[in-house]
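Enquirer: need a 3D model of the sequence below.
(chains A and B)
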Amino acid sequence: MVKEVKELVNRPDNTAYTQQRLPAWQPMLSAGIVIPGFVSIGLVFIGIGVALFVTSQSIQVLEIDYTGVEQSSPCFKCSDQTGKKCDCVMNFDIDSLFKGPVFFYYGLSNYFQNQRKYSVSIDYNQLTGDLDYFTNPDDACFPFQNDRNKPIVPCGAIANSMFNDTFQLFQLVNGQKKEVPLDGKGIAWWTDYNTKYRNPSVTPLRNAFNGTVKPPSWPQAAYELDTKDTSNNGFINQDFLVWMRTAALPDFRKLYRRITEGDYASGLPAGNYSLQIAYNYPVLSFDGRKKVVFSNVSWMGGKNEFLGIAYLVIGSLCVLMSIVMLIVYAKFKFPEED
Amino acid sequence: MGSVASFFGQLFGKEEKREEERRLRANDRHFNLSFHYVNNAIKTSKYNIFTFLPLNLFEQFRRLANAYFLFLMVLQLIPQVSSLSWFTTAVPLLLVLTMTAVKDASDDINRHKSDKQVNNRTVNVLIDGVLKKEKWMDVQVGDIIKLENNQFVTADLLLLSSSEPLNLVYVETAELDGETNLKVKQALTVTGELGDNIDALAGFHGEVHCEPPNNRLDKFKGVLTVNGQTNALDNDKVLLRGCTLRNTEWCFGLVIFGGPDTKLMQNSGKTVFKRTSIDHLMNVLVLCIFGFLASMCSILTIGNAIWETREGSVFTVFLPREPGVNAPLTSFLTFWSYVIVLNTVVPISLYVSVEIIRLGNSFYIDWDRKMYYPKSDTPAQARTTTLNEELGQIKYIFSDKTGTLTQNIMTFNKCSINGKAYGELFDFSGQRVEINEKTEKVDFSWNQLADPKFIFHDHSLVETIREGNLEAQAFFRLLALCHTVMPEEKKEGELYYQAQSPDEGALVTAARNFGFVFRSRTPETITAWEMGKQVTYELLAVLDFNNVRKRMSVIVRSPEGKLTLFCKGADTIIFERLHPSCNKLKEVTIRHLNEYAGDGLRTLALAYKDLDQSFMEEWKQRHHEASTAMEDREEKLDELYEEIEKDLMLLGATAVEDKLQDGVPQTIEQLAKADIKIWVLTGDKQETAENIGYSCNMLREEMKEIFIVSANTAEEVKEELQNARRKMCPESADEPSVIKSRAGLFWLKKTENVQDEKVDGKYALIINGHSLAFALENNLQLELLRTACMCQTVICCRVTPLQKAQVVQLVKKYKQAITLAIGDGANDVSMIKAAHIGVGISGQEGMQAVLSSDYSFAQFRYLQRLLLVHGRWSYLRMCKFLRYFFYKNFTFTFVHFWYAFFCGFSAQTVYDEWFITFYNLVYTALPVLGMSLFDQDVNDRWSFQYPQLYTPGQLNLYFSKKAFVRCMMHSCYSSLILFFIPWAAMQDTVRDDGKDIADYQSFALLAQTCLLVVVMLQLCLDTHYWTAVNQFFVWGSLAAYFAITFTINSNGMFLIFTFIFPFIGTARNSLNQPNVWLTIFLTSLLCILPVVAFRFILIQLRPTANDKLKELQQVP
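Expert: From the prediction side, this is the model:
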């Protein structure tokens, strides 16, 4: 016996793996699975679709274009401005309560924040408050790396092009302007505010910027973005953070303020409103558009009807498809005896 | 590599002139060194520490794909062009390069080790009259060395003297040609006299002139001049490196070739790489992909030009142009940027993955117990690991007969002596009696030296011999003398024969049992015991056997001084050379031979001739001259042999039985059902072949007709072939329909394809070697091919090894089908090398066939498992892999293409750079490997039961250019969904706390998550055989994706490597949103459901055999 074992030294191992007999599950596209599968997926889709659609319908949105292309627009006078300060006022009405919390966005169109050259023009190290990069910004920031041999802080095309229109919202109550309080805190991502962007640990902050210049398009330096609140100044200014999170597509909106305080915590009541705009940001040269958007949100975020409709359409198609497949199956079911 | 070496060789002026003739003198190092022969050190390693990196990298970058990625990396280093960070290409490239380099390095380290070990072996060398131990590598050409028993032969040596009588040595050549029987070599008498006398040896100054180094193991030509006398040197006097000395106490040899010049080394490393048709297709496709890539980039470049003029030129407020850069230049740079972004259409990991899959599938072959032959302890072996999928596409099998279909265990069965047939039993009424296990066996106990295993049933033959019948005695004397068998007699009376061919062994054993015992041989004598008396014959000449001569003769002088030539050989050859007085006997013998052949027996005719003393002396003189000639030695010898082998006297014929292997008829039937055509190419007689054809089910009674082509002129052959064709298909055109097309890279290869013609009913064709020679001529080739391809079975008999290869080449050339050749002997080597796939049977006839084969196993019947199970699965897996692999890469890449229309054609990527880096390497590598290593459509039992499942492979159904285009369209659809659904879903949307989610980073994360889920689901849909490993790979990869993504997006990574992980927080902020998940869900199902529906409807409308079987298999 021992001898025989020795003789068969080359005999391959008898394992399920080497003999390709691993136990396996072999699913099939059989009628019993596919057709009911399509029906149930279809029904689930229709269910989700209805939920999404109804939710989306309940979201209120108010959009106001203030680019000032048409002559009738109050902002037309500002649209040809060349750097000088210009204010314009847009009036609008709200018919019924705009349920709160209301979010106040500004929107830009035909604006390519996703252009590669634009979107790589940023120095993350500088924006973490690393002083080495204050004096010596990264090459990526080109063409806003240095201005007349002085380093630009914050450098780069993204920072330089920061949106600088400002808005004030008033409700017209009995001919009186009543300012709607706008909350500029908590409009940026927590991670951006706490980790990704940091000011250098120098007090006062302005000293850190010695020997640097502000971005050419900025009216004030970074340490002057919010002089009243140090936790909203410099690189952790929330407007700055929102702008720095570049958009994926050329038409985008960004959160400007939240309306959560005082009389407006539960929403904007019906009435007349007046939006006072400090018009600074030039977009007409490249055929861009500017708008403000008031919107509230639901569990599925902002208003977007596409998802709901898509779910409904595809759900119905699934059900339809299952009927087609059932007919095909019944007609062409091949005989078993083959 | 060779070219590199020669390149460097030229560089350093080392290139030497080709050696024309080798001259060397024994014990004269000074003289020998003047020729600059290499010493005996060998170097099989390719690299050393310093050359490894440059040379290995050079080697690797010669592969197109690697060079392409290097080019990409260079592009990425140009800041104006670089659209992706360097690491997206560098990491995968580095990984692939490192993997290959590590493998190469470990191979080379092993080679270094074995080189070192071999080079440092010691051997006794005679230097300045003293034997000294020297390392092998220090041995020089012209040295005399002493070898002892069981030592390896150090270099190619001229044997000088040995301890054995008559200066014989025995060597085993297993390392050289795989044959394990001992071979005998003999020194010249001149040098043999030196013995082990050191002084005499030190004083030996013979000069050798011989051929330059070459790789022919069976040939050596040279002369030795000692004291003005020239002596011929041939292969028998040379010990080749790689042999082992056996049964010989010691021997001395003169080094002729050392190290790399030895025949062993000259033979190594020059294998021709076979590539599969999928390889060729892949190359073509990769080229197409390059073209496709270029056109995609061009489209995007044009887009960029338009954007730059319309939008970019006015967007300068926020993105000023670099000085000196205008729209055309930007567009030009964009072209290259997009080459970088879209590079993933040419998948870097494709080649590596393909190799891994093939290797895995080869291991399955090695591991398969159902192809393991316990009797000889031989497992199946995939000797080439790169051809697996072609095993699933075989259309033609060319099979040898002897040893392949049959066992090649020969038993002496019948014989015809002087017109009387022996070996069959008749009862009293003259009826033939069936011989079976119980039949009484002949008792050989009167013969002490008889082989107890030998079985014979006909008593009359023994009686005839013992009565003293002269012809019968001469018959067996011939068998005992005329052969090349080596006897081994370890104990007195225990004889063991070492035969190179089993036929010879069987015949010598038969002679032994009938009282003519071959006992021992020396180069000049043969000793036999004839009916108990010792007789020693003087051996004057051996006229050896080869495939052209098909006969062998010996000339011996009996103790009484009678000179006789004994000749045995193929009957036709012998009959041509008979003395006219034998005509009557010839007729009777031919009748017997035909009967034997009809029984499927292998036959030989035996004849002898008494020689005249004076003629013999004169002939011997000329023989000596011819055999020492340096030019045309073989031709001269052939002429001499021809001259003496005539006017022979016929003695009779032998019939040796070679039993069919187990399971051969069943295997052939299975393969025929799989629509594989089997052609048998055999050296046997037509009758033998025909008979085997019947017994192994290739020829069947139900066949309409069996055509036999055996004509003697080209005209007749043509006519017979045409007649056969017209009978099978009367309406077939006279001219064959040849479809000419082009294939291969750049469509440079012209192909010709002869169409199959439809035939009703089954036919067979038998063609003999003579006719085949005519039929293989240029003008008849196509005629032969057309006729042969119409037949179910083709048998070619009396075929030479060259013709075997020619037949294979013919089918390869005009059929564009995959061919497989299977054989076991040296005569099958050419055919095995010619066919797409060569299979060697490790059986009785040595190892040459196995050594040159791609797959080897012990029994013919394993072929059906190799093809129908392993081949089919390998093909299926490879095709599934390729389809999926292209799908996943195209889908990945096309999304970038769509995004270009929304980012100003700026070569912005859709995904995170790290995702691009890891996509092929980490996230999707294992699941697809899992599928391509484990998938089975139906299990092996069903594969056997339904051989028709094999046909899709022959028709190239699973992967072709068409399938590739389908893949691309599918990818196109998926990528459209993958881009536009997230695009639409993210329009103007925000998080549920009103914050941003339509930003670039979140969108990238969404798009890549959708993509990964979709390709994973597609994989699940393609996988039919879900083992635990597959589950683990799929779920593991998804888990790895999320784990890695969260890590990359974590605070820690950002704080450490700020610049390369800017996606901080994206995963946290976006993957907790319900609408993100709803988008992923929608996208995945929208990609998958149409595929499911399409496949389901296809199964219903046009089910393949495969689908039906899967359905059946579901029912337990």
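Enquirer: in the stretch 1-150 of chain A, which spans are helices?
Expert: Secondary structure of the stretch 1-150 of chain A (DSSP state H, counting those that start in this stretch): helices at A:2-7, A:31-58, A:76-79, A:116-119, A:124-127, A:132-135.
Enquirer: deepest-packed of the ones you listed, please.
Expert: Among the helices of the stretch 1-150 of chain A, judged by mean count of other CB atoms under 10 Å in any protein chain shown, the one packed with the most neighbours on average is helix A:124-127 (a mean of 24). C-beta here means a position set from N, CA and C on the backbone, and glycine is covered the same way.
Enquirer: quick one: the strands in chain A, in order.
Expert: Per DSSP state E, chain A carries strands over the ranges A:61-65, A:87-94, A:98-99, A:102-109, A:146-147, A:150-151, A:166-173, A:176-179, A:252-259, A:267-268, A:271-278, A:289-295.
Enquirer: please name the nearest non-neighbouring residue to the closest residue to chain B within chain A.
Expert: Distances from chain A to chain B, computed as CB to the nearest CB, single out residue A:191 as the nearest residue at 2.8 Å. Setting aside the residues directly before and after it, residue A:191 is nearest to residue B:1065 in space (CB to CB, 6 or more residues apart in numbering or on different chains), at 2.8 Å.
Enquirer: what about that neighbour, how many residues nearby?
Expert: In terms of burial, residue B:1065 registers 21 neighbours under the definition other CB atoms under 10 Å in any protein chain shown.
Enquirer: also the one 3 residues further on?
Expert: Here the neighbour count serves as a burial measure; for residue B:1068 (other CB under 10 Å) it reads 15.
Enquirer: then residue B:448?
Expert: Using other CB under 10 Å as the criterion, residue B:448 is surrounded by 10 other residues.
Enquirer: repeat for residue B:1094
Expert: When neighbours are counted by other CB under 10 Å, residue B:1094 registers 11.
Enquirer: in which helix or strand would I find it?
Expert: Here residue B:1094 sits within helix B:1074-1101, counting by DSSP states H and E.
Enquirer: pLDDT on that helix, on average?
Expert: Model confidence over helix B:1074-1101, given as mean pLDDT, is 93.
Enquirer: in that helix, which residues are buried?
Expert: For helix B:1074-1101, the neighbour count (16 or more other CB atoms under 10 Å in any protein chain shown) marks B:1075-1076, B:1078-1093, B:1096-1097, B:1099-1100 as buried.
Enquirer: so which bits of the stretch 1-150 of chain B are right by chain A?
Expert: Counting by CB under 8 Å from any CB of the partner chain, the residues of the stretch 1-150 of chain B close to chain A are B:79, B:83.
Enquirer: on the pLDDT front, check the residue of the stretch 1-150 of chain B found nearest chain A for me.
Expert: Closest contact between the stretch 1-150 of chain B and chain A, by CB to the nearest CB, is at residue B:83 (6.2 Å). At residue B:83 the predicted local distance difference test score is 81.
Enquirer: list the contacts of the residue nearest to residue B:827 when sequence neighbours are not counted.
Expert: Nearest residue to residue B:827 in three dimensions, chain neighbours excluded: residue B:801, at 4.3 Å (CB to CB, 6+ apart). Contact partners of residue B:801, counting by CB atoms under 8 Å, 6 or more residues apart in numbering or on different chains, are B:547, B:826, B:827, B:828, B:829, B:830, B:831.
Enquirer: can you give me the strands for the stretch 501-650 of chain B?
Expert: Taking DSSP state E, counting those that start in this stretch, the strands of the stretch 501-650 of chain B run over residues B:516-521, B:525-530, B:533-543, B:551-557, B:563-569, B:602-610, B:649-660.
Enquirer: residue A:85 - how many residues pack around it?
Expert: Here the neighbour count serves as a burial measure; for residue A:85 (other CB under 10 Å) it reads 10.
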